[in-house]
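Colleague: Next come a sequence and a model predicted from it.
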Amino acid sequence: MTTWWRGGPDYQQRIAYFDSRGLLRGFQLVVSACALVLGGLAANLLLVDQADAPSFYVVVQVIGAVTGLFWAMRWQVRPVPSESGAMVFVVTSDILIVAVSATDLDVMADAFGLSALTLVAIFVAFVLSPAQFMANAGICAVAIAVFAVGLYQSYGWPETALKVTLLGITTIAVPASVQIGLAFLSQDATESDTDPLTRTLNRRGFHRATGVKITNRAAGRREVSVALMLVDVNDFKAINDVHGHEAGDAVLTRVADVLRDVTQGGLVARLGGDEFVVLMAGRARSRYVRIANRIHWSIESEAGLAGVPVTASIGVAIGDIAVADEEAAVSLLLNRADEAMYEAKRGEQPVVISTVLDYPALGVVPVDVERVAPVVGRTGRQCRRRRTPTEARAS
């Protein structure tokens, strides 16, 4: 149950995932279709002759039909509703399903109308949290209990028990099974994307997560500033050879902890061996440089063990990525950060910043290097940015 309650990605992450995989349009169409069905149930009652029905029943049915149509149209508009907007959709749909069902003079038909709550419950199971699902399940349970009283008075226990059981299965049990299953699948996917030693992402997980991260940080913009930092632990083989593999594992774990603490929300992954990568998006370029410098001196001061000093070489590539071409752009940034990292290893500077990218056709916008200033770290050494091709030719 803990796995289920922790759940998988949150609402915004799921929407970003659908968008990054080209599934968002289909998701919107499905939700709109469900909203039309809910509105159609109300419209159908308007067409049925209920001569003995109070006049306010008609008002409720009109409101139900109009609301269903509104949500069907709203889910076709970008951006899609936020998490709070999705909850408003759920609550209004639940209330109107119950209210419209109550306007049918046939008690058994009333209970049948409650079956539409299943559509809402499935939506909640797929994209909202377990706590929100439980709240929706509570609404369903109360509605079923209220309608059970009328069913019992008209049809007795056998038919009431059967109908209540079916409604409980379709509106609560089946959607709960869907959400629990998704939570376990999400956990399995997370485990397969996670490095078991450092609990960071592995190479596969990093490439799977970059699109979602960049899309989230873009917040609807076509371009977003992105930095890729490659961090390589210096002389790691010597640490293993002299101090043993347990000490080496402890160093890698501490380096991963430093990266998580310093970047705070950055995407951290272990690519293999002693090499880590950090992706950050949506921040000022000068801040990326400061963070890279802080990573360097934090590793020196915090990642070492007693008698085991640890240093790292860091290559950073910074560019404005076109969200539509993020995969090719991230690959280019990764290559440039790799070059910068090896330059840091060969030279005297521990951090090398590469701020100009040569292939804007791949969706990367060149960065104005004059805006990225060197930063002096705690060690007193200076981060050095990589010279642009123009600067190299000028010299």
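Modeller: Cool, the structure landed. Numbers count the residues shown, from 1 in each chain.

Colleague: Show me the strands in the stretch 101-250 of the chain, by range?
Modeller: 223-233 (DSSP state E, counting those that start in this stretch).

Colleague: Going along the chain from the strand or helix carrying Val278, find the next helix or strand for me.
Modeller: For Val278, the host element (DSSP states H and E) is strand 275-281. Using DSSP H and E, the helix or strand that follows strand 275-281 in sequence is helix 285-302.

Colleague: Now do that following helix: which elements does it pack against?
Modeller: Judged by 3 or more C-beta pairs under 8 Å, 6 or more residues apart in numbering; DSSP states H and E, helix 285-302 is in contact with strand 223-233, helix 245-263, strand 275-281, strand 312-322, strand 351-354. Heads up, the C-betas are built off the backbone N, CA and C, glycines and all.

Colleague: Okay, helices next: where are they in the stretch 101-250 of the chain?
Modeller: Secondary structure of the stretch 101-250 of the chain by DSSP state H, counting those that start in this stretch: the helices cover 107-113, 117-127, 130-155, 157-168, 174-192, 203-218, 236-243, 245-263.

Colleague: Could you say which one of those helices comes nearest to Leu279?
Modeller: In terms of C-beta to C-beta, the element of the helices of the stretch 101-250 of the chain nearest to Leu279 is helix 203-218, at 5.9 Å.

Colleague: C-alpha coordinates for that closest one, CSV please?
Modeller: Output of helix 203-218 as CSV, limited to C-alpha atoms (Å, rounded to 0.1, in the frame of the first residue of the first chain):
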residue,chain,number,x,y,z
ARG,A,203,22.1,6.6,-18.5
ARG,A,204,18.7,5.2,-19.7
GLY,A,205,16.8,7.1,-17.1
PHE,A,206,18.6,10.3,-17.9
HIS,A,207,17.7,10.2,-21.5
ARG,A,208,14.1,9.3,-20.7
ALA,A,209,13.7,12.1,-18.2
THR,A,210,15.3,15.0,-20.1
GLY,A,211,12.3,15.7,-22.3
VAL,A,212,9.9,15.9,-19.4
LYS,A,213,12.3,18.1,-17.4
ILE,A,214,12.8,20.6,-20.2
THR,A,215,9.1,20.7,-21.1
ASN,A,216,8.2,21.4,-17.5
ARG,A,217,10.8,24.2,-17.2
ALA,A,218,9.8,25.7,-20.5
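
Colleague: quick one on the thing from earlier: just name the most buried of the helices and strands packed on helix 285-302.
Modeller: strand 351-354 (a mean of 28; mean count of other C-beta atoms under 10 Å).

Colleague: ok, that strand: who's next to it in the sheet?
Modeller: Using DSSP bridges, strand 351-354 pairs in its sheet with strand 312-322 (parallel), strand 384-385 (parallel).

Colleague: Off-centre distance for that strand?
Modeller: Centroid separation for strand 351-354 versus its chain: 30 Å, with C-alpha atoms, centre = their mean, to the nearest Å.
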